[in-house]
Structures are given as structure tokens and as C-alpha cells.
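# Test case, fold it:
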Amino acid sequence: MFKEIDNGVGMKDLTILVTGGAGFIGSNLANRLSVQNEVIAIDNEYLGTPDNLDKSVDFRRVDVLDEDLPADVDIIFHLAALSSYQMHKEDPIKGARVNVEGFINTVKQGVESGCERVVYASTSSIYGSRKKPTSESMVVEAHTGYEASKLARERYAEYFHNEYGIHIAGLRFFSVYQGYGGNESHKGKYANIIAQFAEEMANGIEPEVYGDGTQTRDFTHIDDITRATQMVAERKISGAYNVGTGRPVSFNEIVDMINVELGTAIEAKYIKNPIPESIYVHDTCADSTKISEATGWVPEIGLEEGIRKVCSEYK
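Below you'll find the model as predicted:
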């Protein structure tokens, strides 16, 4: 059996595995948890860099498809994934292997080693384009290989929970950002648009915006994301949970907000959307009532403060 956690104190003195631990979300989580725990971060460095990790984190260059993972731990946070529509379109077999088989392989080895708590990354993309807040009870569909792989994770998570009785929760993250001054710079063109726009505008470059810029996202700061992820593990709950602010903001508004923060007056450059309209997610907005009721989590970093943090490195 795993160690009990005092919900009033948080995680302490546990052995924790973070897959995709050198990536954006994974490295932030690993650094956060390593303050009071032994944290092993594994990553094949395809999408991550160990430069993101504090020295207190035990980094190992390991692939989630490997046969001998360091899975004899108290908790597994499974964040490893090919994380974009384009990656799965270019190589759907690789996408399925990493996102689905890698998930099954990691959880199976964890179960066999006695681990009874898993928190993994799903995605809010499965809701498609919705202007109103989306709840976990809504019907979802897979329009891309990426979405299909994350839905497959959720179904396999149900299997692991029902078959082995483990606590396993999937988090549907909404548009996570931190900025290039944090651990997001290695993502380049795959970074959140707030990070990309801020980098371009700080260097006098017009940010490229698909379409007319009216599309919206529920932008959620990385600190709120990692805190939610930790709280879900602490409460030993299962199922799927949204993690977002419930405040949709357009790309045009983001450009305006960054201009205000940087003291610039750079206009967006509007270009044709290269992603087919039938699969492009135009609007997202989270209903995070379920996770709030289960854990007490609420977002703490408003978008204005978050953009201020992103832009602070350029001043």
C-alpha cells in the first residue's frame, strides 16, 4: 500500500515518477514536487530538455515504451506524449505508440510494482470548438489522431481502475502557458501562443494570427496547472477532470494585452489558417466545477498577472 498524505500539508517524503519530466508541464511539476519528495523524471528528450529541471530532480533519459521503467514509486504522473495535431498527422502510428502504448506500459509497470496512484494528461481538445463552458459530462469526439490517443488513455484508465482498483485521474488541461522565461522556450512553434506572441512582439516582430484573431482560448497558467495536478493526487480520486479558468479570451485581446504590458504598439499579421476548418478548435472554455468540488482547487493566477509574468523577462 502507498503512504498516506496529509491534505493539509501536501506531499512529503514520497517517491514520485514524472514521465515527460523534461517537457514543459512535466518539468514544472517535477521541480515543484522535488522540494519535499524524491522525484524521478524520465524523458527521451524528443520534446523536452533536462535543462528545465532543478538539480534536486533525478533525471533519467528513458522512453515510456521501455521495458524496465523506474515504476516502483508511490505516485506516477504520466505527462509524456506527442502533443499536437500535426505530430499525429505526420506519423499516426508513432503517435499511437507513444500516447497509448506508452501510457499502458507505464501504468502496467506501476501496477506490477505496487503503485496505486496515477495522474495523467488528457486534453481539452476532445470538446472541439465550444464558446460556453464545457463540463466532463458532455459528449466528446475524436477529430484528430491526437484527440483519439487521449480518449484512448481515458478508456484504458477506466480499465485499470476497474481491474486493479487503483486511483487514476486524467486531467483535461486548457491552454497552458508560462512563457519563454520559464520552461516553455524549448517547445518553439509548439509553445502556447502567449509565449510565442510575447517573444515576437518583444523583438519588434508582428505575431502571426490565424484567420481574423477572434478565436478564443481558456488560458491557464502553469502554476495553477501543477497545483491542480498535485491536489488531484493528494485526494486519491479517479475519473476525468477539467483544469481551466472558465474565462475565454481572443487572440486579438492577447495581442492587445501584451502590447500594454510591453509598452509597444505592434499589430498582428493575419494569415490563412493552415489547419482545416473542420478540425480547427476555434473556441475553448472550461467548466472546472468538478475538480473544484473534489479538491478545493480554483485558479489563482488571472490572465493579466500571468501575462505580466510572461513579459517581465523582456523588461
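
# what comes up buried for the longest helix anywhere in the chain?
In the chain, taking DSSP state H as the definition, the longest helix is helix 145-164. Judged by neighbour count (16 or more other CB atoms under 10 Å), helix 145-164 contains these buried residues: 145-154, 156-157, 160-161. No exception for glycine: its C-beta is placed from N, CA and C like everyone else's.

# Now do the contacts for the residue of the chain most remote from its centre.
Within the chain, Ala265 marks the point farthest from the mean C-alpha position, 31.2 Å out by CA atoms, centre = their mean. The contact partners of Ala265, by CB atoms under 8 Å, 6 or more residues apart in numbering, come to Asn259.

# Could you report the separation of it from Ile237?
Using CB to CB, to the nearest Å, Ala265 is found at 47 Å from Ile237.

# neighbours around the closest residue in space to His143 that isn't next to it in sequence, how many?
Computed as CB to CB, 6 or more residues apart in numbering, the closest residue to His143 that is not its neighbour in sequence is Ile279, at 4.6 Å. For Ile279, the count of nearby residues is 15 (other CB atoms under 10 Å).

# thinking Ile279 is in contact with Tyr85, fair?
Yes: counting by CB atoms under 8 Å, Ile279 does reach Tyr85; the two are 7.1 Å apart.

# which residues are in contact with both of those two?
Counting by CB under 8 Å, 6+ apart, the residues touching both Ile279 and Tyr85 are Thr144.

# related to what we said a few turns ago, report all helices and strands that the longest helix of the chain contacts.
Judged by 3 or more CB pairs under 8 Å, 6 or more residues apart in numbering; DSSP states H and E, helix 145-164 is in contact with helix 85-90, helix 92-96, helix 102-112, strand 117-121, strand 167-173.

# residue contacts, Ser56?
By CB under 8 Å, 6+ apart, Ser56 lies in contact with 31, 34-35, 39.

# If we use 10 Å, what do you get?
Counting by CB atoms under 10 Å, 6 or more residues apart in numbering, Ser56 makes contact with 30-31, 33-39.

# And Ala233, by the same measure?
Residues near Ala233 by CB under 10 Å, 6+ apart: 5, 10-11, 14, 16, 29, 33, 74-77, 117-119, 167, 169, 295.

# Could you do Ile225 as well?
Counting by CB under 10 Å, 6+ apart, Ile225 makes contact with 24-25, 28-29, 121, 171, 173-174, 176-178, 243-244, 299, 301.

# Put the alpha carbons of the helix or strand bottoming out on mean pLDDT in the chain into PDB.
One helix or strand of the chain scores below all others by mean pLDDT, DSSP states H and E: helix 85-90, with a mean of 87. Taking only C-alpha atoms (Å, rounded to 0.1, in the frame of the first residue of the first chain), the coordinates of helix 85-90 have been written out as PDB:
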ATOM      1  CA  TYR A  85      -2.400  17.600 -34.100                       C
ATOM      2  CA  GLN A  86       0.500  17.900 -36.600                       C
ATOM      3  CA  MET A  87       2.700  15.400 -35.000                       C
ATOM      4  CA  HIS A  88       0.000  12.700 -35.100                       C
ATOM      5  CA  LYS A  89      -0.900  13.600 -38.700                       C
ATOM      6  CA  GLU A  90       2.700  13.200 -39.800                       C
END
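
# What residues of it count as buried?
So helix 85-90, judged by 16+ other CB under 10 Å, has buried residues 85, 87-88.

# Give me the helices and strands touching the helix or strand containing Gly26, please.
Secondary structure from DSSP states H and E places Gly26 in helix 24-33. If contacts are counted by 3 or more CB pairs under 10 Å, 6 or more residues apart in numbering; DSSP states H and E, helix 24-33 sits against strand 15-19, strand 38-43, strand 58-61, strand 75-78, strand 117-121, strand 176-177, helix 222-235.

# just so I know, which of the ones you listed lies nearest Ile258?
Of all the helices and strands packed on helix 24-33, strand 176-177 sits nearest to Ile258, with 11.7 Å by CB to CB.

# Contacts for that closest one next, please.
Contact with strand 176-177 is made by 24-25, 28, 121, 124, 184, 191-196, 198, 217, 219-222, 224-226, 243-244, 254, 303, 306-307, 309-310, as judged by CB under 10 Å, 6+ apart.

# Mind giving me the ChimeraX command for buried ones among the residues you listed?
Isolation of the buried members of the contacts of strand 176-177 (16+ other CB under 10 Å) is achieved in ChimeraX through the command below:
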select :24,25,28,121,124,184,191,192,193,194,195,196,198,217,219,220,221,222,224,225,226,243,244,254,303,306,307,309,310
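
# What does the residue farthest from the centre of the chain show for phi and psi?
When read as degrees, to the nearest 10, the backbone of Ala265 gives phi -140, psi 50.

# Specify the local secondary structure of the nearest residue to Lys269 once chain neighbours are set aside.
Of all residues not flanking Lys269 in the chain, Glu206 sits nearest, at 4.1 Å (CB to CB, 6+ apart). Glu206 carries the three-state label coil when classified by DSSP: H, G, I helix; E, B strand; the rest coil.
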